[in-house]
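In: compute the structure for the input listed below.
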Amino acid sequence: MSCIWVSAQECSQRELFHLTELIKKDRDLRIIVSCDPPVFWQEKDTADQRLADLLVRIGIRSNLKGYQYLRTAVKLGMKDREELDGITKRLYPSVARKHGTSSDRVEHAIRHAVEAAWTKGNEEEQKAVFGYSGREGRRPTNSEFIMRVIEYMGKMNGPMYS
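Out: Next up is the predicted model:
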């Protein structure tokens, strides 16, 4: 199927007649006549993108395994809050299954990502999400990090379903 977009503002009667002749010859041809150009894709601000942006702003580098595991853990926690009741018994194994690894590796990678962010990350963003930053001598545990990010996403953007 072929598709042609035609501006209604710039198209004359003669050109419209020619287009109708084209349609008669080719039944698979689709012609879009409108004043505005068509939108072939719409870059949507999805909840997943907002989460990814937040993690990077906090200081989680996207090249770390823990970054991907954190994204998955937060999404799972948003969909099913019961996953958060047992971080080591439920959440880590769920994340591990999705990524084809062990729950121990998930826990370690998340801990490493949080430690790295806390020493090198954006203090203002950390304070906004957690109420404290790396300068104050403490860092969140993995479960606290995940819970606070979920709470922050909920407050900032409403429901996180895209």
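
In: in the chain, where is pLDDT below threshold?
Out: 1-11, 27, 29-45, 157-162 (pLDDT under 70).

In: so what does the longest helix that it contains touch, helix or strand wise?
Out: Using DSSP state H to define each element, the chain has its longest helix at helix 103-120. Secondary-structure packing of helix 103-120 (3 or more C-beta pairs under 8 Å, 6 or more residues apart in numbering; DSSP states H and E): helix 65-79, helix 92-99, helix 142-157. From N, CA and C alone the C-beta is placed, and that goes for glycine too.

In: tell me which of these approaches Lys120 most closely.
Out: Closest approach to Lys120 among the helices and strands packed on helix 103-120 (C-beta to C-beta): helix 65-79, 13.7 Å.

In: now do the closest one: distance to the chain's middle.
Out: Distance, stretch centre to chain centre, for helix 65-79: 11 Å (C-alpha atoms, centre = their mean, to the nearest Å).

In: quick one: buried residues of it?
Out: Neighbour-count burial for helix 65-79 flags 65-78 (criterion: 16 or more other C-beta atoms under 10 Å).

In: which one of those residues is nearest Arg148?
Out: Taking the buried residues of helix 65-79 together and measuring to Arg148 by C-beta to C-beta, the closest member is Val74, at 10.1 Å.

In: thought Arg148 was touching that closest one, still the case?
Out: No - if you go by C-beta atoms under 8 Å, Val74 and Arg148 don't touch, sitting 10.1 Å apart.

In: so which bits of the longest helix of the chain are buried?
Out: For helix 103-120, the neighbour count (16+ other C-beta under 10 Å) marks 103, 105-107, 109-110, 113-114, 116-118 as buried.

In: export those residues to TSV and append columns for distance to Glu15.
Out: Shown next, in TSV, are those (distance: C-beta to C-beta, whole Å):
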residue	distance to Glu15
Ser103	64
Arg105	63
Val106	61
Glu107	65
Ala109	60
Ile110	60
Ala113	58
Val114	61
Ala116	60
Ala117	58
Trp118	63
